[in-house]
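Asks: model the structure of this input:
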Amino acid sequence: MTVSPVNQASKNDEWKLCVAPMIDVTDRHCRYFHRLLSPQARLYTEMITTGALQHGDIPRHLDFSGEEHPVALQLGGSDPSELAASAKMGAEWGYDEINLNCGCPSERVQKGSFGACLMAEPQLVADCLKAMQDSQPLPVTVKHRLGLDADQSYGFVRDFVGTLYDNGCRVFVVHARNAVLKGLSPRDNREIPPLRYHDAARIKKDFPDATIVVNGGLTTLAQCDELLPNFDGVMLGRAAWQNPEILAQLNNHWWGTHRLTEPELIEMLVTYADQQMHKDVPLRVLVRPLLGLFTGRAGARYWRRMLSDNKLLQTSSARVIEQAWQKVGQACEALSRSDDSPGQSLI
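Replies: Here you go, the predicted model:
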């Protein structure tokens, strides 16, 4: 079975459902899995620095599967010429969008003078944006925070967005929190600064013809439904990693498109894993994105245990995915017999 074509959504829905760029998470194997769950979602790479593309293994950083479209390349950097060269490379590689990271608060990223600290230099960001736009034909978008450190004035982000808007940027992904540049880890920065969806929504009111996507703290279908009238789209981060079923739920809820049955999904995952293993990709790398699939379901612990057992994975074929799924089914059947409740299908 082949995945349904992605371009079924209207152009207005291009950014309606997005999966956030997450370092050490949204590699090509994770994105392939997410695409099976949601034919419409816009997928993003991990942040890739300009230095990695200048001096690293380019195919390792940029290769992706054709099924992933639409897929965006997120870049990290602050030198306009380096970003222009990297954006051109992304366009030539076949990506659908180039995204500039102005939201990552980690100290390592700050030492490279990019990420969230760039919000303090909107004109530099505008110069980077212009260089990236001039180097290739794809839309250049920006992912950013609402502010820096303790400054919660709306005027800061309004002026930041305004500077980029005046230089041709029309798509903004807003993490609805401030970034605290010192004293908080990246994880704390995702949880401790308060969410300010109301200020993110003000950006859409002030720039009505821009595409504004809200990110931060979204974990349920109900939340996404509640926020969507104020924005053009939602971007899910850790929720898509910890409970990937939400992507299938949102896709079905908003577009009503056919969802894969569980047997179809498992068979496609096995086939993909087998193909990648023949390219010397370790099985543990391929199954890592799958660990949260049956969250909240009877037998989920068997699924996680089998697919995180390094010794088992070293000696198994891709069929271990199917075997782990069968354990989930057995647990659901046992639960159904014990309490007369029907088995639950999450996919």
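
Asks: quick one: secondary structure of residue 193?
Replies: In three-state terms, and counting by DSSP: H, G, I helix; E, B strand; the rest coil, residue 193 is coil.

Asks: mind listing what it touches?
Replies: In this structure, residue 193 makes contact with 177-180, 184, judged by Cβ atoms under 8 Å, 6 or more residues apart in numbering. Using the backbone N, CA and C atoms, a C-beta is placed for each residue, glycine as well.

Asks: so how far is the longest helix along the chain from its chain's centroid?
Replies: Counting residues, the longest helix found in the chain (DSSP state H) is helix 320-339. Offset of helix 320-339 from its chain centre (Cα atoms, centre = their mean, to the nearest Å): 30 Å.

Asks: so which elements touch that helix?
Replies: Contacts defined by 3 or more Cβ pairs under 8 Å, 6 or more residues apart in numbering; DSSP states H and E place helix 320-339 against helix 262-277, helix 283-287, helix 300-307.

Asks: sort out which of the contacts of residue 193 are in strands and list them.
Replies: 177-179 (DSSP state E).

Asks: among these, which one lies nearest to residue 145?
Replies: Among the ones in strands among the contacts of residue 193, residue 179 lies closest to residue 145 (Cβ to Cβ), at 4.3 Å.

Asks: might one say that the closest one is in contact with residue 101?
Replies: No. In this structure residue 179 lies outside contact range of residue 101 using Cβ atoms under 8 Å: 11.3 Å.

Asks: which of the helices and strands packed on helix 320-339 sits closest to residue 79?
Replies: helix 283-287 (31.3 Å).

Asks: okay, the ones in strands among the contacts of residue 193 in TSV with distance to residue 245 next?
Replies: Formatted as TSV, the ones in strands among the contacts of residue 193 follow (distance: Cβ to Cβ, whole Å):
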residue	distance to residue 245
177	25
178	31
179	29
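
Asks: got the residues you listed as CSV, with pLDDT, distance to residue 39 and neighbour count columns?
Replies: CSV is the format used below for those (pLDDT from 0 to 100; distance: Cβ to Cβ, whole Å; neighbours: other Cβ atoms under 10 Å):
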residue, pLDDT, distance to residue 39, neighbour count
177, 97, 30, 26
178, 97, 34, 25
179, 94, 33, 25
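
Asks: for residue 85, state which of those is nearest.
Replies: Nearest to residue 85 among the ones in strands among the contacts of residue 193, counting by Cβ to Cβ, is residue 179 at 26.7 Å.

Asks: so where's this protein uncertain?
Replies: 1-11, 110-112, 336-347 (pLDDT under 70).

Asks: can you give me the helices in the stretch 101-250 of the chain?
Replies: Along the stretch 101-250 of the chain, counting by DSSP state H, counting those that start in this stretch, helices occupy 107-111, 122-135, 154-166, 186-189, 197-206, 221-227, 238-242, 245-255.

Asks: among those helices, which is nearest residue 297?
Replies: helix 245-255 (8.9 Å).

Asks: just how off-centre is the closest one within its chain?
Replies: Averaging C-alpha positions (Cα atoms, centre = their mean) puts helix 245-255 15 Å from its chain's average.
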